[in-house]
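> sequence below, structure please.
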Amino acid sequence: MARSAPGSGATQLLQSRATLEGRVLYLDAPHADRPLLDGDHWSARSAELPPDGSWDHCVVYLPKGKRRRDLYLAWAAARAPHLYVVGEKRAGIKGVAKALGAVGRARNVGHGNHCQLVTCTFDAVGAPVDLDDWCSSFEVAAAGSTRRFVSLPGVFSEGHLDHASQMMLTAWTASDAGTDWAGKRVLDVGCGAGVFGVTLAGLGARVTCVDVDALALEATRRNAESAGLRAEVQFSDVYSGVRGETYDHIVTNPPFHQGVGTEYETTRRIVAEAKDHLRPGGSLWVVANRFLPWREAMEAALGPVDVLQESNRFVVWRATRT
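Here you go, the predicted structure:
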């Protein structure tokens, strides 16, 4: 393992307390830390699921949420007989040893930099993970039809339709919205499980769904396929994967939380760069917490803004490119 420069607190703890000999697979190591870590890497911030194969060790960087954590642990156990899990104490690392103790010999091996390191050894490599076993389902009623959607661990609004997204779906077909989606090119930014994109494909739109999370993209593919609808699904950090493309509409329920903190930069980029990806007269649809300053930003970046739906918590705004 390379030790040429300090990395995150989790990586520093891993380097000081773990003995990694042989082939190593890292799950979700920080991008900036990967040059410090000799081995193979997979990140959820990608277009693909973890690679198949076998390794001597698997190192899991603790993700947000118990369901995604447990999926990562299952992936790791199916690829290596020995694993390490490292993460911040405030993110829930303390519960990992107990979770692993049910399936192997787990123990805490160190702490520091506000992080903790847990190791676990299995008698045999576990069975391959079937993602069907990790799907949670919910129904969405919109545009005169009801569809069943599935979601995967850690994908936004897992297992149910959130109130903000329901408001957006209602706004699309409201009589005063005046939007005909048939044949229109639509970009769903931060698609999650693909509720927006699949629903719009059902209204006849030509849809591209983008996200930075491999499990979100996988859920969207499954939902489009099960609905018998066509939607292009691809990895894109906001507009990075669709450079040069223009659309009639961009729709988004942008992220507000990242890890254990809040996140605003993604929405700023969605709004500020939308003009480069909208045809003249095209529109950006955003649903978000009403206290956030996105209406003003949309007016400055694009033009007039309509309020199409609102509650005491959320607002659906539509800005038209002038």
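> grab the most central residue of the chain for me.
Centroid-nearest residue in the chain: residue 213, 3.8 Å away (criterion: C-alpha atoms, centre = their mean).
> gap between the closest residue in space to that one that isn't next to it in sequence and residue 74?
Leaving aside its sequence neighbours, residue 213 sits nearest to residue 44 (C-beta to C-beta, 6 or more residues apart in numbering; 5.6 Å). C-beta here means a position set from N, CA and C on the backbone, and glycine is covered the same way. Applying C-beta to C-beta, to the nearest Å, the value for residue 44 to residue 74 is 14 Å.
> show me where the stretch 101-250 of the chain has its strands.
105-112, 115-121, 136-142, 145-151, 185-189, 206-211, 231-235, 247-252 (DSSP state E, counting those that start in this stretch).
> next one: stretch 113-133 to chain centre, how far?
Between the centre of stretch 113-133 and the centre of its host chain there is 21 Å, according to C-alpha atoms, centre = their mean, to the nearest Å.
> next one: stretch 31-40
Worked out by C-alpha atoms, centre = their mean, stretch 31-40 lies 22 Å from the chain centre.
> same thing with stretch 62-74?
Offset of stretch 62-74 from its chain centre (C-alpha atoms, centre = their mean): 13 Å.
> could you report the neighbour count for residue 102?
Neighbourhood size, residue 102 [other C-beta atoms under 10 Å]: 7.
> show me the contacts for it.
Residues counted as contacts of residue 102 (C-beta atoms under 8 Å, 6 or more residues apart in numbering): none.
> phi first, then psi, for it.
In terms of degrees, to the nearest 10, the main-chain angles of residue 102 are phi -80, psi -20.
> against residue 113, how distant is it?
28 Å.
> same thing with residue 142?
Distance from residue 142 to residue 113, counting by C-beta to C-beta: 46 Å.
> neighbour count: those two, which is higher?
Each of residue 142 and residue 113 has its neighbours counted (other C-beta under 10 Å); residue 142 has more, 22 against 15.
> surely that one touches residue 169?
Yes: using C-beta atoms under 8 Å, residue 142 is in contact with residue 169, at 4.1 Å.
> what's the overlap in contacts for those two?
Joint contacts of residue 142 and residue 169 (C-beta under 8 Å, 6+ apart) are residue 199.
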